[in-house]
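J.: Task: produce atomic coordinates for the following.
(one chain, ligands or ions: 2)
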Amino acid sequence: MIETTAPLSSAQYGDAVAAAVQAAAAYYSDGSTTLGDDEYDALVKAIEAYETLHPDEVLPHSPTGKVAGGAATGDVPHSVPMLSLDNVFSAEELADWATNLERRLGRPAAGFCVEPKLDGLAVAARYTAGRLARLITRGDGLAGEDITHAAEAVLGLPELLGESIDVEIRGEVLFTQAQFDHANETRTAHGAAPFANPRNAVAGTLRAKDRPYRVESTFFGYDAVGLPAELSHTALLERLAELGANTARSTAAHPRHCATVEEAQQRVQEIADLRVELPFGIDGVVVKADAAADQELAGAGSRAPRWAVARKLPAVHKVTRLLGVEWNVGRTGIIAPRGVLEPVVIDGVTVTYATLHNPADITRRDLMIGDRVFVYRAGDVIPRVEAPLVDERTGAEQPITFPEVCPRCGDAIDTGEQRWRCVRGRNCQAVAGIRYAVGRDQLDIEGLGGTRAVQLVEAGLVTDLADLFTLTREQLLALDRMGETSTDNLLAAIETARAQPLNRVFCALGVRGTGRSMSRRIAAHFGSMAAIRAADAEALAQVDGIGAEKARVIVAELVELAPLIDRLLAQEVGTAVTVPTAPAVATGAAADGGPTEGGGSAEGGGSAEGGSGPLAGEAVVVTGSMTGRLAELSRNEVNELIERAGGKASGSVSKRTTLLVAGEKAGSKRAKAEELGIRILTPEEFAELVADQLG
Ligand SMILES: NC(=O)c1ccc[n+]([C@@H]2O[C@H](COP(=O)([O-])OP(=O)(O)OC[C@H]3O[C@@H](n4cnc5c(N)ncnc54)[C@H](O)[C@@H]3O)[C@@H](O)[C@H]2O)c1
Ligand SMILES: [Zn+2]
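T.: Ligands and ions are numbered 1, 2, ... in the order given. Have a look, this model is predicted:
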């Protein structure tokens, strides 16, 4: 994105400076910026490019060449300026930097120290006789703010050093992910807004006074004033650790001395690869000339030293909107919330979903639907929502509702642990699958919807719907609460179900994206289970309403379901050839038991225009409650009836609708049909029309 930024015009330059200044002010005060770091960096790069071409137009408040972009201040003067770092964005730029350094030194640098660029806030800790006396922020680099009050909750920054010396230890304060999570839990418990991400959390926390709660952060030392000048950087880090300060030496991304640029590049890559595993955030890798003599010779500019550079890593945080929350049940019955996001590109990948871990996590983060949120994604990790930007709420945000029953099987939820789980555990999937399969619009097996399905699954008799058809009388009689009568009734119902038409058997499989009406269309199109199973994505895409993407999903599911389908066919389930209508099968996939009636010429897949019967050529919508002879039928059964009569059933009124069956409380569909001049029949009139098919 940095490469593709077009040069700024002079009009854009002023706006760019204003935008950067505003972002930096937010970033350094409480971290509430909505720009990703890479967006900010690209903005500053564009500003720099413009200023190089137009040096006499540089605005005085431009962020370039200033520590903290000129946005931070302070009233405690620093003993020695606290500088920033120059950035490079690729291995090539890092190599160029090393070449420049070599030119400046007049010889190759005597090795480099490569260490993580900790994503926090720079501070200076002044020790007098080994005791912490003052803690100061970086500020504008020349003076910072006194935050001594906050030192007590910063881990790794000892109150007393191991030796009684005067020294100023400098380094970064950050929140580890665990500290961040804990901080937000504490804050929301106190009715305060959560921090949007760990980086944002530091500035706010360190500067705040008199909070009724305490949140811990972590210090990493990487510099000092007052230690012998001849210490190399690696020796200095060792010394800091000796004195009792925490350094990155304690982490997997520990600083390493590298003899050559090539070695340094390698360590940069290693630390970059470690990034996702580290318990804290890094936004780059710092390469420093290690030898004190090299540092002295290279010197420093007003903003940054010339002997060190930051190889920036792609930004892993971006702001987007939380559009909704889905609750998915895993194989073991874990019920996991997943955030649906307005798509956002993070490090070249479009992110549309993010994990929300568990319900407690949602509460802890005080998330709402419609919130602008910080999303984190690094490497191959599943993207996660960090927290909302509470200041940006408009009032239109909605609370996230937690499920009260298992969204898959409808049973109770065990909320005893942080991760919610269906009380059925691993059996949830089987129970849900059976309950769906035996439903009124699928196999219609009465008496198997409720606890009976649980009983069969938990007794180990049934794991999927094919098992239903091999149940024996003895097996059923051995179950609790199963008398002779109920056993025989159940077996009879199962026997009847064996003869259910293809569309219902297919629907019972519960293939994702194929509900009742789609199942009817697929069944009508292919005519047999064997033909459906043999269909490839191209053939499926011929069916009305199935796009290429959906066709692929269905094919993938059918592959998974093949063993189950085989067992059903072996049980002669789904072999009954009673396909309601039979438009032309354009795929050549019609195998045994193809369509038997009709045989019209509907092009474009599966519509019933060519069917025969009283509704031939009709596109029918049913609305309101059915009365008379239709009163007993489910909506699916009415739709099946329509298709048996040669018509095409649809759920919504459009210009293509030719007939509306409107019962009581027909509402908006009736109004729309009237507006479009569509023929409207009462349920009774309609029943007359299709009397033959009603049987
Ligand atoms: N998103 C935004 O709106 C926004 C706004 C302003 C700044 N920023 C970010 O901040 C950056 C510029 O900020 P900056 O000037 O504060 O600093 P920087 O992040 O570019 O680099 C310098 C800082 O790195 C830190 N650091 C971490 N580990 C270090 C180590 N091992 N050795 C030495 N220093 C180490 C120090 O605090 C040092 O001051 C930008 O590049 C941008 O990514 C973002
Ligand atoms: Zn369940």
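
J.: Quick one: low-confidence residue ranges for the stretch 551-695 of the chain.
T.: The model of the stretch 551-695 of the chain has pLDDT under 70 over residues 576-611.

J.: Which positions in this structure make contact with ligand 1?
T.: 23-24, 27, 33, 35, 37, 40-41, 67-69, 84-85, 87, 115, 117-118, 122, 138, 172, 222, 286, 310 (CB under 6 Å from any ligand atom). The way it works is simple: take the backbone N, C-alpha and C, and place the C-beta from them, glycine included.

J.: can you map out the strands along the stretch 51-200 of the chain?
T.: 76-77, 86-88, 112-118, 121-128, 131-137, 143-144, 154-155, 167-174 (DSSP state E, counting those that start in this stretch).

J.: Each with direction, which strands does the first one pair with?
T.: Within its sheet, and counting by DSSP bridges, strand 76-77 is paired with strand 143-144 (antiparallel).

J.: Need the winner for burial among the strands of the stretch 51-200 of the chain.
T.: Sort the strands of the stretch 51-200 of the chain by mean neighbour count, taking mean count of other CB atoms under 10 Å, and strand 112-118 sits at the top with a mean of 26.

J.: what's around the residue nearest to L477 when sequence neighbours are not counted, how many residues?
T.: What sits nearest to L477 in space, not counting adjacent residues and going by CB to CB, 6 or more residues apart in numbering, is T487, at 5.5 Å. Using other CB atoms under 10 Å, T487 has 19 other residues around it.

J.: The helix or strand harbouring D467: what's the following helix or strand?
T.: Here D467, judged by DSSP states H and E, is contained in helix 465-468. As assigned by DSSP H and E, the chain's next helix or strand after helix 465-468 is helix 473-477.

J.: Output the contacting helices and strands for that next one.
T.: helix 484-497 (3 or more CB pairs under 8 Å, 6 or more residues apart in numbering; DSSP states H and E).

J.: Output stretch 315-329 as CSV, restricted to C-alpha atoms.
T.: In CSV, the C-alpha atoms belonging to stretch 315-329 read as follows (Å, rounded to 0.1, in the frame of the first residue of the first chain):
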residue,chain,number,x,y,z
ALA,A,315,0.3,-3.7,10.9
VAL,A,316,-1.8,-6.3,12.6
HIS,A,317,-4.5,-4.1,14.0
LYS,A,318,-7.2,-2.5,11.9
VAL,A,319,-10.5,-0.8,12.7
THR,A,320,-13.7,-2.1,11.2
ARG,A,321,-17.3,-2.6,12.2
LEU,A,322,-18.8,-5.5,14.0
LEU,A,323,-21.9,-6.4,11.9
GLY,A,324,-23.2,-9.3,13.9
VAL,A,325,-22.4,-12.4,16.0
GLU,A,326,-22.9,-16.0,14.9
TRP,A,327,-23.0,-18.9,17.4
ASN,A,328,-21.4,-22.0,16.0
VAL,A,329,-21.5,-25.4,17.6
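
J.: Give the buried residues for it.
T.: A315, V316, H317, K318, V319, T320, R321, L322, V325, W327, V329 (16 or more other CB atoms under 10 Å).

J.: Distance to ligand 2 and mean pLDDT added to the strands of the stretch 51-200 of the chain, as TSV?
T.: TSV is the format used below for these (distance: least, CB to the ion, whole Å; pLDDT from 0 to 100):
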stretch	distance to ligand 2	mean pLDDT
strand 76-77	59	96
strand 86-88	50	94
strand 112-118	43	98
strand 121-128	46	97
strand 131-137	51	97
strand 143-144	55	95
strand 154-155	42	97
strand 167-174	41	98
